[in-house]
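> task: produce atomic coordinates for the following.
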Amino acid sequence: MEEWANRPNRKPLILRGARQVGKTTAVTMFAKKFDQFISCNLDRPGEMNLFKKRLPVKDLYQALLLEKNLKKSDGRSLLFIDEIQNSPEAVESLRYFYEEIPEIHVIAAGSLLEAMISKNQLNFPVGRVEFACMHPLCFEEFLDATGEEQALEAFRTVPYPAYAYDILLKHFHRFTQIGGMPEIVDLYTKSHDVSSLQSIYQSLLTSFIDDVSKYARNHTQAEVIRHCIENAPLESGKRIAFAGFGRSHYKSREVSEALKTLQRAMLLYLLYPATSTELPILPDQRKYPRLQFLDTGLLNYSVGLMNDFFTLENLHSLYRGIVVEHITGQELIALCTDIQAKPGFWVRENPQANAEVDYIIRYKNSVIPIEVKSGATGSLRSLHQFMDACNHSMAVRLYAGELKITPCATIKGKKFSLLNLPYFFASKITEYLDWAFKG
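Predicted coordinates for the structure are as follows:
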């Protein structure tokens, strides 16, 4: 937001993200950098009605100042329009703020923008607004929020000091256990009591169900959406078929519509596999996707894994390895402020030799494979197949072990370097690839 505010060609900013990821709080904190802050919440009928009048934008701005008992400021002003999905008129006004009073900094936010767009109830003025996404806290933000200054400094040091491994591993396990939803992290920071978080997890899940169901076309679709969000944590980390999802009788089209509605609400992601080892990374939507839920803490709560973390040595042994793959996906997604940018994975499906690599990312002009695995490097058969097919010689393994670069060779004899990286550095993969190539 700070970079956005300082750009001379700034446009109104639409902040997207799931409910309760902290959009309103972040904007309110950011507002302290301005001389004047005008905050509107379009859940309030009085404020929504100002936009319904379709006033000329300069008159609308004056009306908002009057509503808030404010005078026009000679300094920098920030106008925040929250829950903008409730008012097509407010969305329409954004183009006029850009055209007629560009000196006003305008941020809008809403939790179900994607669902409303899909129902053609909102039409953002193309070329006159810009977008950014917010996600749950990543591990780096978790360290900052919980006041772990020394661990944070070590985390940001590339390569990390070897003495920091154990403490970073401990903090990452706790982060993976409770997740990155701001309200959860805030309560944990105050109480350090995981058991006190249970009611918050449940209220978050209930609010998601109630919120998204309101935008269903009919009662039947609302029931399918409810079923899908209740079962999404149980199916997370797995490749799924739409028909019969969550052991239901629902048909493929019904489930597909429901899951895509939840994806537009940014409560989950459908990650489709790619079959090429070169750019561009093109997901194949004819194949089964892997389901990624909003937050690993919510997943742990839903499937009853919370207590398993207290005796845990590493994440690979937990829930058949699904949790460590899921938190890796969450960390990689948190790097993306573009709603279209999501991590992918790679598959090769044929009768002789099926293969699947956990994640692939773009790094400069290459597609880098990432396996989230423990055990011997020689057992990474899918990664070896990827390396045989790709045009470079670098791969990544995330595991519960120390940083090292291992020379490897595929069964066919291709030599490559394997960057073995502690799994708590998933969000630092690019920096560590830079370090590996320089070395």
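
> look up phi and psi at Y250.
phi -70, psi 150 (degrees, to the nearest 10).

> so it sits against G244, correct?
Yes. Using C-beta atoms under 8 Å, Y250 makes contact with G244 at a distance of 7.0 Å. For glycine as for every other residue, the C-beta is placed from the backbone atoms N, C-alpha and C.

> neighbour count for those two, which is higher?
Y250 (20 against 13; other C-beta atoms under 10 Å).

> how far does stretch 190-198 sit from its chain's centre?
Centroid separation between stretch 190-198 and its chain, computed with C-alpha atoms, centre = their mean, to the nearest Å, is 24 Å.

> that stretch: end-to-end distance?
Terminal residues of stretch 190-198 lie 15 Å apart, using C-alpha to C-alpha, to the nearest Å.

> repeat for stretch 187-200
Termini of stretch 187-200 sit 9 Å apart (C-alpha to C-alpha).

> what comes into contact with it?
Stretch 187-200 is contacted by residues A145, T146, G147, Q177, I178, M181, E183, I184, G297, Y301, M306 when judged by C-beta atoms under 8 Å, 6 or more residues apart in numbering.

> find the nearest non-adjacent residue to the first one, please.
Once its chain neighbours are removed from consideration, A145 has its nearest residue in V185; the separation is 5.3 Å (C-beta to C-beta, 6 or more residues apart in numbering).

> so what's that neighbour up against?
By C-beta under 8 Å, 6+ apart, the neighbours of V185 are L137, F142, A145, T146, I178, G179.

> distance of D211 from R76?
Going from D211 to R76 by C-beta to C-beta, to the nearest Å gives 33 Å.

> and if you look at F37?
Taking C-beta to C-beta, one finds F37 at 10 Å from R76.

> again, but for L70
14 Å.

> list residues touching both of these two?
Both L70 and R76 are in contact with Q36, where contact means C-beta under 8 Å, 6+ apart.

> if we can go back for a sec, more neighbours, F37 and R76?
F37 (20 against 14).

> who touches the more buried one in this structure?
T28, A31, S77, L78, F80.

> 6 Å instead, please
A31, L78 (C-beta atoms under 6 Å, 6 or more residues apart in numbering).

> so what strands line up beside the helix or strand where it lies?
Assigned by DSSP states H and E, F37 falls within strand 36-41. Strand 36-41 has its sheet partners listed here by DSSP bridges as strand 77-82 (parallel).

> show me what secondary structure element comes after the strand it pairs with.
helix 88-100.

> what is the first helix or strand past that next one going along the chain packed up against?
With elements assigned by DSSP H and E, the helix or strand that comes after helix 88-100 is strand 105-110. If contacts are counted by 3 or more C-beta pairs under 6 Å, 6 or more residues apart in numbering; DSSP states H and E, strand 105-110 sits against strand 13-16, strand 77-82.
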